[in-house]
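I would like the atomic coordinates for the input below:
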Amino acid sequence: MMVMLYNLFNQQNLAETKISYTEFLAMVEGERVSDVVIQGQELYVTDINRNRLKVYAPQDMDLIKILRQKKVPISAKPPAESPWYMSVLVSWFPMIVLIGVWIFFMRQMQSGGGKAMSFGKSRARLQSDQSKKVTFDDVAGIDEAKEELGEIVEFLKDPKKFTRLGGRIPKGVLLMGSPGTGKTLLARAIAGEADVPFFHISGSDFVEMFVGVGASRVRDLFVQGKKNAPCIIFIDEIDAVGRHRGAGLGGGHDEREQTLNQLLVEMDGFESNEGVILISATNRPDVLDPALLRPGRFDRQVVVPLPDIVGREKIIRVHLKKTPVGPDVDPLLLAKGTPGFSGADLENLVNEAALLGAKRDKESIEMSDLEDAKDKVYMGLERKSKVIREEDRKTTAYHEGGHALVARFLPGTDTVNKITIIPRGRAMGITWFLPEESDFKYKDQLESELSVALGGRAAEEIVFNRISTGAANDIKQATDVAQKMVRSWGMSTELGLLSYAKGEEHIFLGREIAQHRDYSEETARKIDREISNLIKKAYKLAKSTLEQNVDILHALAERLLEKETVMGKELDELIRTMKPGFEFPSKSIEMEAKDKDTKDPGETSAEKKAEAETEAGTEPKVEAKAEAADE
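Coordinates of the predicted model:
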């Protein structure tokens with residue numbers, strides 16, 4: 001419409017030819033002008049041939065005089081004004097635009113379910129793809145968690161079985177565990193097992209830049225749940241929105257706290273949400289708000305721990321079903337060599353082994369592929385291109401040999417699985433162990449572990465009479481263990497049964513920034529002295545052990561320089577050859593194999609509970625598997 005009006009207004013101008021002022025004056029001098037109409041600073045000229053011309057005239061005071069001399073008829077008009085319809089259009093145009101935008105939004109909201117205002121709607125997605133269905137059969141190594149969640153599924157399928165005795169369906173279940181332990185996989189298995197609608201959303205999908213969006217999305221999420229009840233709502237990484245209120249520094253209104261408040265009200269407020277079960281997952285339960293964890297909101301808190309040796313074996317077998325496997329593959333031995341590995345780590349290990357086998361043009365995965373994949377996952381790629389000086393190789397060989405020999409000659413230590421001086425990642429070499437999993441660690445075992453960690457440094461000092469930077473990670477691990485023995489586990493005779501590790505478990509909440517330690521400087525000096533004494537005692541024991549067996553240390557180092565990798569069986573054979581009749585104070589590889597044949601795999605290790613790990617301080621971390629020599 002605007003284009004039509006513009007063309008109508010300008011059609012008169014389109015019929016006129018524009019000429020310059022100089023050309024116009026030349027026409028006047030040549031008496032070729034019939035008449036002139038002056039309208040403001042524009043001249044409308046008619047020549048002797050009746051052609052209409054348009055000229056823009058400057059402020060020329062002599063123009064009228066020249067025209068009169070040539071006897072050209074002159075007419076004058078006021079400056080041109082816009083038509084009335086153009087004035088009305090310009091005045092009402094902003095209002096017309098606003099009305100058009102409003103009509104667009106209304107139509108979108110009516111026809112598209114509120115597309116225009118979708119930022120306030122829940123982003124929860126309904127599980128509908130049956131082709132990728134996961135069931136409890138696909139979940140291994142976390143039987144207790146499966147049993148807990150299996151009750152939820154059974155309640156949804158047959159609620160009368162439980163309600164006839166007055167029971168009520170749990171309102172919420174919180175899955176807690178380290179990253180990669182299978183929390184999200186469990187939720188997907190619930191979706192596959194339960195014949196009810198399953199909504200899933202991430203905790204980070206609630207809060208955005210707009211104020212009030214998070215609370216609005218929480219309300220909309222539970223509205224969807226009520227419409228589809230009975231149903232399950234799964235919120236992954238709930239710590240993104242459920243963090244402790246008032247935590248950290250700074251004040252003022254917090255959008256995340258408003259979202260959390262709305263979530264608390266929806267879970268257990270005045271309005272009931274019967275039939276809506278909320279399942280959430282987090283690996284940081286310590287930062288969650290206490291109001292979120294109370295019964296009535298999260299009635300059940302299910303710990304999904306790192307799998308023990310039995311669980312790891314089951315997980316490895318599940319993943320090995322997808323690939324062709326050679327006859328030498330031993331899932332139990334592989335499970336023993338991967339303490340601290342989560343389900344995701346084990347899946348990645350099997351996948352890396354499959355890739356290595358394909359790279360080597362093999363028809364099936366062999367044990368060597370799995371061992372190499374384990375080294376790659378833990379330490380990184382083998383650095384074949386690195387040029388290593390012979391002196392550095394020799395230092396690494398004695399360093400790793402020191403770890404291994406101290407472990408074999410001291411009681412309460414783990415079985416040596418493999419020693420290698422092949423550089424991987426940032427490590428020049430590594431000694432792998434097969435830890436004996438237990439719910440508790442004892443003081444004598446921890447003291448032996450300290451000596452094993454310092455065995456590499458002791459070997460360097462004995463053989464070369466100088467020390468290197470290769471023991472940096474060993475010293476850090478030994479210091480961490482010694483600090484926990486003194487500060488957390490009450491293993492100091494001088495300090496007694498006191499804990500000095502308060503506040504260290506909530507370092508991400510920000511509440512400890514302004515807090516000071518609650519013990520005196522004298523106590524701090526005693527703590528430092530006790531830690532130092534433990535380290536010195538362990539180093540002295542490691543050094544004396546190696547000095548008594550220095551001939552075996554030389555033989556082991558020579559074999560490492562020759563073969564680069566020595567397995568635990570070879571080490572035990574070397575020790576027996578050089579020390580006939582020697583009885584190992586700790587288990588050997590042969591004893592491990594014998595246990596495997598005589599024991600039922602289901603009885604090799606008790607299921608580890610989170611409470612026992614916390615009390616015993618075992619904290620099964622990946623670093624406990626090996627002693628590595630740094631660059």
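
Quick one: classify A76 as helix, strand or coil.
Going by DSSP: H, G, I helix; E, B strand; the rest coil, the secondary structure assigned to A76 is strand.

in terms of contact, does it touch V36 like I think?
No - contact between A76 and V36 fails when scored by C-beta atoms under 8 Å: they sit 9.5 Å apart. C-betas here are computed from N, CA, C, even on glycine.

S204: how many residues sit nearby?
By the other C-beta atoms under 10 Å criterion, the neighbourhood of S204 contains 12 residues.

G242 versus that one, what's the distance?
S204 sits at a distance of 12 Å from G242 (criterion: C-beta to C-beta, to the nearest Å).

A76 and V36: who's more crowded?
For the pair A76 and V36, the greater number of neighbours falls to V36 (22 against 10), based on other C-beta under 10 Å.

what's the offset of stretch 492-504 from the middle of its chain?
Relative to the mean C-alpha coordinate of its chain, stretch 492-504 is positioned 33 Å out (C-alpha atoms, centre = their mean, to the nearest Å).

swap in stretch 291-298?
25 Å.

so who does L546 touch?
Shown in contact with L546 (C-beta atoms under 8 Å, 6 or more residues apart in numbering): G402, L405, V406, G455, A458, A459, I462, L553.

element containing it, please.
In the assignment (DSSP states H and E), L546 maps to helix 521-548.

got the CA coordinates for the helix or strand following that helix in CSV?
Counting by DSSP H and E, the next helix or strand C-terminal to helix 521-548 is helix 550-563. Listed next in CSV are the C-alpha coordinates belonging to helix 550-563 (Å, rounded to 0.1, in the frame of the first residue of the first chain):
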residue,chain,number,x,y,z
VAL,A,550,70.1,-54.2,45.6
ASP,A,551,71.3,-57.2,43.5
ILE,A,552,67.6,-57.9,42.6
LEU,A,553,67.1,-54.2,41.8
HIS,A,554,70.0,-54.2,39.4
ALA,A,555,68.7,-57.4,37.7
LEU,A,556,65.2,-56.0,37.4
ALA,A,557,66.4,-52.7,35.9
GLU,A,558,68.5,-54.5,33.4
ARG,A,559,65.5,-56.6,32.3
LEU,A,560,63.4,-53.5,32.0
LEU,A,561,66.1,-51.8,29.9
GLU,A,562,66.1,-54.8,27.6
LYS,A,563,62.3,-55.6,27.4
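
tell me what helix 550-563 is packed against?
Contact here means 3 or more C-beta pairs under 8 Å, 6 or more residues apart in numbering; DSSP states H and E; on that basis helix 550-563 packs against helix 390-409, strand 415-420, helix 455-464, strand 565-567, helix 568-578.

Identify the residues contacting the residue lying closest to L320 once chain neighbours are set aside.
The shortest distance from L320 to any residue other than its chain neighbours is 6.2 Å, reached at V350 (C-beta to C-beta, 6 or more residues apart in numbering). Listed by C-beta under 8 Å, 6+ apart, the contact partners of V350 are I316, H319, L320, K322, T323, I365, L370, A373.

quick one: which of these is most hemmed in?
L370 (29 neighbours).

Next up, the contacts around it.
Under the criterion of C-beta under 8 Å, 6+ apart, the contact list for L370 reads V329, L334, L349, V350, A353.

buried residues in the helix or strand encompassing it?
Assigned by DSSP H and E, L370 belongs to helix 367-379. If you call a residue buried by 16 or more other C-beta atoms under 10 Å, then helix 367-379 has these buried ones: 367-379.

Could you list the buried residues of the helix holding L546?
Neighbour counts using 16+ other C-beta under 10 Å place 526-527, 530-531, 534-535, 538-539, 541-543, 545-546 of helix 521-548 among the buried residues.

With pLDDT added, can I get these in JSON lines?
Formatted as JSON lines, the buried residues of helix 521-548 follow (pLDDT from 0 to 100):
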{"residue": "K526", "pLDDT": "93"}
{"residue": "I527", "pLDDT": "94"}
{"residue": "E530", "pLDDT": "95"}
{"residue": "I531", "pLDDT": "96"}
{"residue": "L534", "pLDDT": "96"}
{"residue": "I535", "pLDDT": "96"}
{"residue": "A538", "pLDDT": "96"}
{"residue": "Y539", "pLDDT": "97"}
{"residue": "L541", "pLDDT": "96"}
{"residue": "A542", "pLDDT": "96"}
{"residue": "K543", "pLDDT": "96"}
{"residue": "T545", "pLDDT": "95"}
{"residue": "L546", "pLDDT": "96"}
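
bridging residues for the closest residue to E371 other than its chain neighbours?
Across the structure, with C-beta to C-beta, 6+ apart as the measure, the residue nearest E371 apart from its sequence neighbours is K418 (7.3 Å). With beta bridges defined as DSSP bridges, K418 has these partners: W432, M567.

Now do the contacts for the residue lying closest to R383 once chain neighbours are set aside.
Closest residue to R383 apart from its sequence neighbours, by C-beta to C-beta, 6+ apart: P423 at 4.7 Å. Contacts of P423 were listed using C-beta under 8 Å, 6+ apart, and they are E382, R383, K386, I388, G429.

can you tell me the helix or strand for the residue nearest the centre of the chain?
The centroid of the chain falls nearest to P179 when counting by C-alpha atoms, centre = their mean (8.1 Å). Using DSSP H and E, P179 sits within no helix or strand.

Would you mind measuring from it to E437?
For P179, the distance to E437 (C-beta to C-beta) stands at 20 Å.

E391 too?
When distance is defined by C-beta to C-beta, E391 is 39 Å away from E437.

which one of these two has more residues nearby?
Applying other C-beta under 10 Å to E391 and E437 shows that E437 carries more neighbours, namely 19 against 9.

is it true that the more buried one touches P339?
Yes - taking C-beta under 8 Å as the contact criterion, E437 and P339 are neighbours in contact, 6.4 Å apart.

So in this structure, where's the weakest helix or strand by average pLDDT?
Across the helices and strands of the chain, the lowest-confidence element by mean pLDDT, DSSP states H and E is helix 610-616, at a mean of 34.

low-confidence ranges in this protein?
In the prediction, the chain carries residues with pLDDT under 70 at positions 1-15, 80-82, 84-85, 108-132, 209-211, 247-253, 269-273, 384-386, 502-516, 587-631.

Let me see the contact set for I277.
With contacts defined as C-beta under 8 Å, 6+ apart, the neighbours of I277 are I152, L156, I169, P170, K171, G172, V173, P230, C231, I232, I233.

cool, and R164?
Shown in contact with R164 (C-beta under 8 Å, 6+ apart): no residues.

Please apply the same query to D328.
Residues near D328 by C-beta under 8 Å, 6+ apart: E366, M367.

wait, is it part of a helix?
No - in this structure, D328 is coil, not part of a helix, as judged by three-state DSSP.

how near is it to K321?
Here D328 is placed at a distance of 17 Å from K321 (C-beta to C-beta).

swap in A471?
When C-beta to C-beta is applied, the distance between A471 and K321 equals 42 Å.

who has more neighbours, the two?
A471 (27 against 9).

nearest residue to that one other than its sequence neighbours?
R457 (4.0 Å).

Could you measure from the one you found over to E547?
Taking C-beta to C-beta as the measure, R457 and E547 are separated by 14 Å.

For the stretch 1-150 of the chain, which segments are assigned as helices?
Taking DSSP state H, counting those that start in this stretch as the criterion, the stretch 1-150 of the chain contains helices spanning 2-14, 21-29, 63-69, 84-111, 143-157.

Deepest-packed of these, please.
helix 143-157 (a mean of 17; mean count of other C-beta atoms under 10 Å).

what sits up against it?
Counting by C-beta under 8 Å, 6+ apart, helix 143-157 makes contact with 136, 139, 161-162, 169-170, 173, 175, 182, 186, 189-190, 193-196, 230, 232, 277, 279, 300, 302-304, 311, 607, all of which sit outside it.

one more time with 6 Å
When contacts are taken as C-beta atoms under 6 Å, 6 or more residues apart in numbering, the neighbours of helix 143-157 outside the stretch itself are F136, V139, F162, I169, L186, I190, E193, A194, V196, P230, V302, V304.

The third one sits in which helix or strand?
It stands for F162. With elements taken from DSSP H and E, the one containing F162 is helix 160-163.
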